[in-house]
Structures are given as C-alpha cells and as structure tokens.
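K.L.:
Dropping a prediction and its sequence here:
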Amino acid sequence: MSTEETIPKWDAREGIINSPIPADELARLSDDIVAALKTVYDPEIPADIFELGLVYKIDIEDDRLVKIVMTLTAPGCPVAGEMPGWVENAVGAVEGVSGVEVEMTFDPPWTPERMSEEAQVAVGWY
C-alpha cells in the first residue's frame, strides 16, 4: 500500500440494524458497550482497545447477547489469554447485556492504520 492510500476507519457500531430491541435501547446499549470497551487497555500501549482498532465487530443479538470479534496488536501478545476475559467482564457489566462472547481473530492482521486519531496521539504517532 502506498503512502497515498489510506484505509478507511471503521466504526464497530455500523451494521446494528433490524432488531426487535427498541431503537432508543439499542442506541443506549451500543453507546454503553463502546464505553465499556474503552475501559479495557492493552497494557503495553497507553490507549484503549476500541481506539486502537482492535475491535472488528460488535453484534447485539435479539436476546441481548453481545458477540465481539477482536484481535490483538500481535499474535504473541503477552495478554492474549487474558484479554477476552477483560472484554467479557467490561461488556458484561453493561446494563441490559445478557451475556458476552469474544472471538479472537488475526485475519485480517491488525495494523497501526486501524488506530483512531485519539490513539495515535496517545502513543505519540500523530
């Protein structure tokens, strides 16, 4: 990829549509889930996992089960075994969430281009 090309930033909240959950409750759940994800930090990088772009997908099922697909900055990350539990605990504490399933993936691999401007500033890359 040339320096001229940019990878579009992706909002993990995109695609939350057609749900029997009332729209105002779905909006609150979505905002609260993202806020919970922003409390989970990669211990080696001073930014939260949401702003780092580690969260690839968030699905809120009709029964309010939250399914999260995420990655790590590297497959050999020292907290690889602990991070899913941290995410489950944070999102599971959101009012109205019935449960949390976290799926780890490395496809596509994480790259620094996935970071928000906030995360880039936090790590001094902006």
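P.N.:
Good, I have the coordinates. Numbers count the residues shown, from 1 in each chain.
K.L.:
What is the burial count for P20?
P.N.:
7 (other C-beta atoms under 10 Å). (Each C-beta comes from the backbone N, C-alpha and C, glycine too.)
K.L.:
ditto for the one 5 residues further on
P.N.:
Burial of E25, expressed as a neighbour count using other C-beta under 10 Å, amounts to 13.
K.L.:
is it true that I49 touches D42?
P.N.:
Yes. I49 lies in contact with D42 (C-beta atoms under 8 Å); the separation is 6.2 Å.
K.L.:
Overlap of the contact sets of those two?
P.N.:
The contact sets of I49 and D42 overlap at M83 (C-beta atoms under 8 Å, 6 or more residues apart in numbering).
K.L.:
Could you check which of those two has the larger neighbour count?
P.N.:
Taking other C-beta under 10 Å, I49 and D42 do not tie; I49 has more neighbours (25 against 19).
K.L.:
Spatially nearest residue to the more buried one (excluding sequence neighbours)?
P.N.:
In space, I49 comes closest to V40 once its chain neighbours are excluded; the distance is 4.9 Å by C-beta to C-beta, 6 or more residues apart in numbering.
K.L.:
Next: R114.
P.N.:
Excluding its sequence neighbours, the residue lying closest to R114 (C-beta to C-beta, 6+ apart) is G53, at 2.7 Å.
K.L.:
by contact count, what packs against the helix or strand where S30 lies?
P.N.:
In the assignment (DSSP states H and E), S30 maps to helix 23-37. In this structure, helix 23-37 makes packing contacts with strand 55-60, helix 83-92, judged by 3 or more C-beta pairs under 8 Å, 6 or more residues apart in numbering; DSSP states H and E.
K.L.:
and the next element down the chain from the last one?
P.N.:
I take that to be helix 83-92. By DSSP H and E, the next helix or strand past helix 83-92 is strand 99-104.
K.L.:
Counting by contacts, list what the helix or strand that that next one is followed by packs against.
P.N.:
As assigned by DSSP H and E, the chain's next helix or strand after strand 99-104 is helix 117-122. Helices and strands touching helix 117-122, by 3+ C-beta pairs under 8 Å, 6+ apart: there are none.
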